[in-house]
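Colleague: Okay, predicted coordinates and the sequence, questions at the end:
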Amino acid sequence: MGVQRIDVTATTTAPPGAVYALLRDGASWPGWSPIGSFELESPGQDGGESLGAVRVFRTGRVASRERLVELVPDRRLSYVLLSGLAIEDYRADIDLAEGPDGTTIRWRSSFRAKVPGFGGLYRRTLTKFIQQCAGGLAEHAAVAAG
């Protein structure tokens, strides 16, 4: 089964620090994304939502368990999916780059479908979902940053 890749971007007038703060705060995600709820299942090595933390996001009947695997303040947040979807080897890297028009949010993911032949369907569905997340994040960060 081949690796599926997703790469979406959004731009906000908010500075990278404001965008990063929202990404790190799982409780904020239901406010700017299609996600319904958030729960911190287990804290990271430095407590709270630090490296290694397991966060659970619920959307409808789906509960996605994710572990934070890379945190670069104001630059990058990366996570891997532990359970919740019929995919494996899922990793997302959310990179923030400051430019003349504000901050560019680049949300890249890769994964393999557990069921042969379903990779394209999962990629299309997740691309739409992630685009909604990136767009909502950009809008919310701009309003929050004033």
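Modeller: Alright, I've got the coordinates.
Colleague: List the contacts of the strand or helix carrying Asp89.
Modeller: Applying DSSP states H and E as the criterion places Asp89 in strand 87-99. With contact meaning Cβ atoms under 8 Å, 6 or more residues apart in numbering, strand 87-99 is reached by 3-4, 11, 15-16, 19-20, 23, 69-70, 74-81, 103-114, 122, 130. C-beta here means a position set from N, CA and C on the backbone, and glycine is covered the same way.
Colleague: Report the buried residues of that strand.
Modeller: Neighbour-count burial for strand 87-99, counted by 16 or more other Cβ atoms under 10 Å, picks out Ile87, Tyr90, Ala92, Asp93, Ile94, Asp95, Leu96.
Colleague: Quick check on the contacts of strand 87-99: which are buried?
Modeller: 4, 11, 15-16, 19-20, 23, 76-79, 81, 103-111, 113, 122, 130.
Colleague: how about stretch 99-112 as PDB, C-alpha atoms only?
Modeller: Below are the C-alpha coordinates for stretch 99-112, written out as PDB (Å, rounded to 0.1, in the frame of the first residue of the first chain):
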ATOM      1  CA  GLY A  99       6.400  36.500   5.500                       C
ATOM      2  CA  PRO A 100       5.400  39.900   4.200                       C
ATOM      3  CA  ASP A 101       1.700  39.100   4.300                       C
ATOM      4  CA  GLY A 102       1.700  37.500   7.700                       C
ATOM      5  CA  THR A 103       2.200  33.900   8.700                       C
ATOM      6  CA  THR A 104       1.900  31.000   6.300                       C
ATOM      7  CA  ILE A 105       0.600  27.800   7.900                       C
ATOM      8  CA  ARG A 106       1.700  24.700   6.000                       C
ATOM      9  CA  TRP A 107       0.000  21.500   7.300                       C
ATOM     10  CA  ARG A 108       1.500  18.400   5.700                       C
ATOM     11  CA  SER A 109       0.500  14.800   6.500                       C
ATOM     12  CA  SER A 110       1.400  11.300   5.300                       C
ATOM     13  CA  PHE A 111      -0.100   7.900   6.000                       C
ATOM     14  CA  ARG A 112      -1.000   4.500   4.700                       C
END
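Colleague: pLDDT of that stretch, averaged?
Modeller: Stretch 99-112 shows a mean pLDDT of 95.
Colleague: chain center to that stretch: distance?
Modeller: 10 Å (Cα atoms, centre = their mean, to the nearest Å).
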